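J.: Here is the input, now give the coordinates:
(one chain, ligands or ions: 1)
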Amino acid sequence: MKSKRSHRDQIPTRDPGASISGMSVPDAACTIDPLTRELARERLDDLMAIDALVIGEPWNSVQWLHDLPDKWELSRVAMSGTVIAGFLVASRKGDAIHCHRIAVAADVNRRGVGTALMKNVAAHGIAHGATTFTVKAHQTNARSLSFLQHTGFAIVGRDGHNVLLGAPLSTIAARAIA
Ligand SMILES: CC(C)(COP(=O)(O)OP(=O)(O)OC[C@H]1O[C@@H](n2cnc3c(N)ncnc32)[C@H](O)[C@@H]1OP(=O)(O)O)[C@@H](O)C(=O)NCCC(=O)NCCS
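T.: Prediction:
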């Protein structure tokens, strides 16, 4: 039986006074919850607003709701109460879990939310029998490349303007939240 914690992890943010999109975060904590298809449909505008932070073309609603292998089992949102603080959209590709999108609301950057999303999805990937985590980042996205390498990813190649990164899921799952 899966533990409740494996689905909904409490993570501390680093600043008890942090605000998300103008709303205060009273208990200085986010939870990492499953991003189901129903939740994605219901909160599409909020997800798309945060997605606009990703360098490159933002996803449209069709891309958001498109089914991919294990997408709705592996993808996660960081919630502060009812406010979406970030998300990670992932799917299964053979032995790997691929991170398609990760983004965190601007006013909670660098509080460990991105790392917590990665850790949670990595743990679920392991539970699904996968071994590797893969992700692409645009070569000009220095912030993302710094984050990914800090989280435990290594550069494994290039694809046009994108840098390809990978890591054992166990490495990401074991990463400490600073
Ligand atoms: C990349 C992103 C998801 C990181 O989320 P986050 O919650 O801010 O990351 P964390 O707080 O877990 O950061 C962990 C570490 O990553 C590195 N890092 C994170 N943001 C960074 C930045 N802006 N500049 C340099 N390094 C950064 C740091 O080493 C950081 O640890 P530190 O704060 O103790 O120094 C977030 O910045 C974001 O949403 N960016 C826009 C969307 C995007 O580019 N997505 C990536 C597509 S692949």
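J.: Just give me the neighbour total for the residue of the chain found nearest the ligand.
T.: Among residues of the chain, the one nearest the ligand by Cβ to the nearest ligand atom turns out to be Gly114. It sits 2.5 Å away. Bear in mind the C-beta positions are built from the backbone N, C-alpha and C, glycine included. Taking other Cβ atoms under 10 Å as the criterion, the count of residues near Gly114 is 23.
J.: Excluding chain neighbours, give the residue nearest to it in space.
T.: With Cβ to Cβ, 6 or more residues apart in numbering as the criterion, Gly114 has its nearest non-adjacent residue at 5.0 Å, and that residue is Val104.
J.: Look up phi and psi at that neighbour.
T.: Per-residue torsions, Val104: phi -130, psi 140 (degrees, to the nearest 10).
J.: Look at it and say how many residues are nearby.
T.: Taking other Cβ under 10 Å as the criterion, the count of residues near Val104 is 26.
J.: Which strand residues bridge the residue nearest to the spatial centre of the chain?
T.: Against the mean C-alpha coordinate of the chain, by Cα atoms, centre = their mean, the closest residue is Leu88 at 2.6 Å. Under DSSP bridges, the beta-bridge partners of Leu88 are Arg76, Ile102.
J.: check contacts around it.
T.: Leu88 makes contact with 35, 75-76, 99, 101-102, 117-118, 120-121 under the criterion Cβ atoms under 8 Å, 6 or more residues apart in numbering.
J.: And for Pro58?
T.: The neighbourhood of Pro58, defined by Cβ under 8 Å, 6+ apart, consists of 48, 51-52.
J.: Gly56 too?
T.: Gly56 neighbours (Cβ under 8 Å, 6+ apart): His138.
J.: Spit out the contact partners of Ile102.
T.: If a contact means Cβ under 8 Å, 6+ apart, then Ile102 has 86-89, 114, 117-118, 135 as its contacts.
J.: distance of it from Asn141?
T.: Taking Cβ to Cβ, to the nearest Å as the measure, Ile102 and Asn141 are separated by 11 Å.
J.: swap in Ala90?
T.: Spatial separation of Ala90 from Asn141 under the definition Cβ to Cβ is 18 Å.
J.: With Ile172 instead?
T.: With Cβ to Cβ as the criterion, Ile172 and Asn141 are 19 Å apart.
J.: higher neighbour count, the two?
T.: When neighbours are counted by other Cβ under 10 Å, Ile172 and Asn141 differ, and Ile172 comes out ahead with 26 against 18.
J.: State the three-state secondary structure for the more buried one.
T.: Three states are possible here, and by DSSP: H, G, I helix; E, B strand; the rest coil the one that applies to Ile172 is helix.
J.: Fine by me, thanks again.
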